[in-house]
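**Q** Just the structure for this:
(chains A and B)
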Amino acid sequence: MSKNFYITTTLPYVNSDPHIGFAMEIVRADVITRTKKLQGFEVFFNTGTDEHGQKIYQKAIETNKSPQEYVDEWAEKFRGLIDLLQISKDVHFIRTTDDWHVRAAQEFWKTCDKNGFIYKKSYQIKYCVGCELEKTDSELVDGKCPIHPNNEIELRDEENYFFKFSSFQKQLLDLYEKRPDFVVPDFRQNEIKLFVERGLEDFSISRLKSKMPWGIPVPGDPEQVMYVWFDALVNYISTLGYPQDKDNFQKFWVSGTPTQYCGKDNLRMQSAMWQAMLLAAGLPHSHQIVINGFFTGEGGLKMSKSVGNTVDPYEVVEKYGAEALRYYVCGEVSMFEDSPVSIDLIKQSYNTKLANGLGNLVSRIMKMSESNTPRLNEEKIERLEEEEIPKNFLEYLEKFEINKACDYVWNKIGEMDKFIQENQPFKVVKTDKEKGDKMISDLVMRLYSVAKMLNPILPETSEKIKELIKQNKTPEKPLFERK
RNA sequence: GCCGGCGUAGUUUAAUGGUAAAACAAAGGACUCAUAAGCCUUGGAAGAUGGUCCGAUUCCAUCCGUCGGCACCA
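**A** Purely as a prediction, here's the structure:
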């Protein structure tokens, strides 16, 4: 079995602040990353920022910045999430404006072109003069721009390059057939399958450079730049050094079961368009696409700034810490369905699960151990360290059911609380020292095993607990102060 | 409009053709190692109407409600 693993988030488009939905995505991908590392895999974990396009170009102009200055600032904001959310330090952060990526996108294009899947044709673009932006049907209300309803939408003829998406219907359906768990969860796979069955249309993959200067030049045509797809999606392989670094590509894309996390709005792009593009370039398809649900505001309402029910990850971390956020997005909500989030719900989860549950248990066990029982010797610690992580726990993570993995751990926590209540080792140790010590050190060992399972989910706390056990000390301050 | 999902305790979810499970929230109790935490006990649920069946929350039909997909939207 190959011991390499590749995982990526989508790249957020840098036209607004990082929001809780993306925090969820990157944290969950990080949990899977850390799990694979625990299992001995060499992991390539990718994230980054998507920085080209008309909307960004225009925002830059509005704020009197060059597009490059504008995206540089935003890229740093998003990069800040890595530290903020305790994401693995070795995550690869790719920007679609990186030289390397630009060249990779062009090479990828050339390969697809050489293979006969790119052609040029005339295309009608819907354009709002008020916005000075191209509009899509889904953006229009009654055929008009909702921001400028008094202006008629102009239809402009443009020669654009197209990708022969239609050629891949059968191959995509074969892929879904062959791999029933290609898209997780299954109802999303069904959704994309039905979409592909209805028939595929070729899609446009370039724009006139004169109108949209902020993009990757189309190879061999100085008048055109790439439009979204052949730019943004290629990051998943350009980050690996494609096409030059063949070893790395082989190691992580070809034999690293490439796994892509994304939100449900990305289903089509990841599991159909991108797969067809890979096939067109003669490259292997992804291994698995994991589709997260969305967060909704309290009461199931869509989050929006005007309603005032958005949740700012920076605020959450400031108030309750990164691990409260990590726990909430992993253990407290559904993995695949939409779930509510609010600062209040996070607080509640912090108090019950982290402060009263985990934190309190650590205090009560370590207090008993510190004042009664000798510390575990190094040999014992080593044996605990080598002990296998429970199969059930890992199986949940294998299926990306991180919430069930969390439940598994918190069940252990509950069992230990119950054990202490029923067997009262704190009393036993006073009357029967030997028996009491045995009970207490058993508890400490069980706690160690919990700490090990917490490693992917709450990396910092996991380490803290192990350290306390090694020193046989009760925490000086509660691990999670009740709030 | 077409297609699909969903509707279970106050809330979020689970399992199941034959006693409906859990978490959080609520009420009461005994304890004290612990962060007034934890433990025990209690109350509380199947959208509606029909059908199949000895028996339906589960299968079927209809209705109501709700969510999503129906392409160029990072």
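
**Q** so what does the lowest-mean-pLDDT helix or strand in chain A touch, helix or strand wise?
**A** Every helix and strand of chain A was ranked by mean pLDDT, DSSP states H and E. The lowest is strand A:133-135, at a mean of 74. If you count contacts as 3 or more C-beta pairs under 8 Å, 6 or more residues apart in numbering; DSSP states H and E, strand A:133-135 packs onto helix A:54-62, strand A:118-128. (C-beta placed from N, C-alpha, C; glycine too.)

**Q** so after that strand, what's the next helix or strand?
**A** Downstream of strand A:133-135, the first helix or strand assigned by DSSP states H and E is strand A:154-163.

**Q** Pull out the buried positions in the helix or strand just after that next one.
**A** Using DSSP H and E, the helix or strand that follows strand A:154-163 in sequence is helix A:169-178. By neighbour count on 16 or more other C-beta atoms under 10 Å, the buried set for helix A:169-178 is A:169, A:172, A:175-176.

**Q** ok, now stretch A:396-415?
**A** Buried-residue list, stretch A:396-415, by 16+ other C-beta under 10 Å: A:396-397, A:400-406, A:408-410, A:412-413.

**Q** most packed of the helices and strands packed on strand A:133-135?
**A** Here the criterion is mean neighbour count by mean count of other C-beta atoms under 10 Å, and of these the winner is helix A:54-62, at a mean of 17.

**Q** residue contacts, residue A:27?
**A** Neighbour list for residue A:27: A:85, A:87, A:325-326, A:329-330 [criterion: C-beta atoms under 8 Å, 6 or more residues apart in numbering].

**Q** Give me the neighbour count for the nearest residue to residue A:387 once chain neighbours are set aside.
**A** Excluding its sequence neighbours, the residue lying closest to residue A:387 (C-beta to C-beta, 6 or more residues apart in numbering) is residue A:449, at 6.8 Å. When neighbours are defined as other C-beta atoms under 10 Å, residue A:449 has 17 of them.

**Q** wait, does the helix or strand containing residue A:449 contact RNA strand B?
**A** Under DSSP H and E, the secondary-structure element containing residue A:449 is helix A:433-454. No: figure legend: helix A:433-454 not in contact with RNA strand B (C-beta under 7 Å from any atom of the strand); closest approach 9.2 Å.

**Q** Show me how far that helix is from its chain's centre.
**A** How far helix A:433-454 lies from its chain's middle: 34 Å, per C-alpha atoms, centre = their mean, to the nearest Å.

**Q** Show me what whichever helix or strand comes after that helix is packed up against.
**A** Sequence-wise, the next helix or strand downstream of helix A:433-454 (DSSP H and E) is helix A:459-471. The helices and strands touching helix A:459-471, judged by 3+ C-beta pairs under 8 Å, 6+ apart, are helix A:322-327, helix A:360-372, helix A:433-454.

**Q** Show me what the second one is packed up against.
**A** This means helix A:360-372. helix A:402-423, helix A:425-431, helix A:433-454, helix A:459-471.

**Q** got the buried residues for the third one?
**A** Okay, so that is helix A:433-454. Burial within helix A:433-454, assessed by neighbour count using 16+ other C-beta under 10 Å, is assigned to A:436-437, A:439-441, A:443-454.

**Q** average pLDDT across that helix?
**A** For helix A:433-454, mean pLDDT is 94.

**Q** what do you get for the last one?
**A** When pLDDT is averaged along helix A:459-471, the result is 95.

**Q** tell me the angle the helix or strand harbouring residue A:195 makes with helix A:169-178.
**A** Assigning secondary structure by DSSP H and E places residue A:195 in helix A:186-197. Using axes from the mean of the first three to the mean of the last three C-alpha atoms, to 10 degrees, the inter-axis angle of helix A:186-197 relative to helix A:169-178 is 160 degrees.

**Q** how far away is the residue located most distally from the centre of chain A from RNA strand B?
**A** Going by C-alpha atoms, centre = their mean, the residue of chain A most distant from its centre is residue A:431, 52.4 Å out. Using C-beta to the nearest atom of the strand, to the nearest Å, residue A:431 is found at 12 Å from RNA strand B.

**Q** so what's that residue up against?
**A** Residue A:431 neighbours (C-beta under 8 Å, 6+ apart): none.

**Q** For residue A:144, see how far away it is.
**A** Separation of residue A:431 from residue A:144 (C-beta to C-beta, to the nearest Å): 83 Å.

**Q** related to what we said a few turns ago, Throw the helices and strands packed on strand A:133-135 into CSV and include mean pLDDT, thanks.
**A** Shown next, in CSV, are the helices and strands packed on strand A:133-135 (pLDDT from 0 to 100):
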stretch, mean pLDDT
helix A:54-62, 87
strand A:118-128, 84
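
**Q** ok, residue A:367 to RNA strand B distance?
**A** On the measure of C-beta to the nearest atom of the strand, residue A:367 and RNA strand B end up 4 Å apart.

**Q** Who are the contact partners of the residue nearest to residue A:172 when sequence neighbours are not counted?
**A** Leaving aside its chain neighbours, residue A:172 sits nearest to residue A:196 (5.0 Å; criterion: C-beta to C-beta, 6+ apart). Residues in contact with residue A:196, defined by C-beta under 8 Å, 6+ apart, are A:169, A:172-173, A:176, A:272.

**Q** Which one of those residues is nearest to residue A:55?
**A** Lowest distance from residue A:55 to the contacts of residue A:196 (C-beta to C-beta) belongs to residue A:272, with 23.4 Å.

**Q** what's the burial count for the residue of the stretch 101-250 of chain A found nearest RNA strand B?
**A** Nearest residue of the stretch 101-250 of chain A to RNA strand B, counting by C-beta to the nearest atom of the strand: residue A:136, 1.5 Å away. Applying other C-beta under 10 Å, we find 8 residues neighbouring residue A:136.

**Q** Spit out the contact partners of the nearest residue to it once chain neighbours are set aside.
**A** Sequence neighbours aside, residue A:126 is the residue nearest to residue A:136 in space, at 7.2 Å (criterion: C-beta to C-beta, 6+ apart). Going by C-beta under 8 Å, 6+ apart, residue A:126 touches A:134-137, A:140, A:153-155.

**Q** And residue A:126, how far from residue A:394?
**A** According to C-beta to C-beta, residue A:126 and residue A:394 sit 50 Å apart.

**Q** residue contacts, the closest residue in space to residue A:311 that isn't next to it in sequence?
**A** Of all residues not flanking residue A:311 in the chain, residue A:20 sits nearest, at 4.5 Å (C-beta to C-beta, 6+ apart). Residue A:20 makes contact with A:295, A:303, A:310-313, A:316, A:329, A:341, according to C-beta under 8 Å, 6+ apart.

**Q** Go again with 10 Å.
**A** A:294-295, A:303, A:310-313, A:315-316, A:325, A:328-329, A:341-343, A:346 (C-beta atoms under 10 Å, 6 or more residues apart in numbering).

**Q** Ok, residue A:39 next?
**A** Contact analysis of residue A:39 by C-beta under 10 Å, 6+ apart lists A:3, A:5, A:389, A:394, A:397-398.

**Q** out of those, which one sits closest to residue A:474?
**A** Among the contacts of residue A:39, and counting by C-beta to C-beta, the member closest to residue A:474 is residue A:389, at 25.8 Å.

**Q** returning to what we had before: of all the helices and strands packed on strand A:133-135, which one is nearest residue A:382?
**A** helix A:54-62 (52.4 Å).

**Q** Cheers, nothing more for now.
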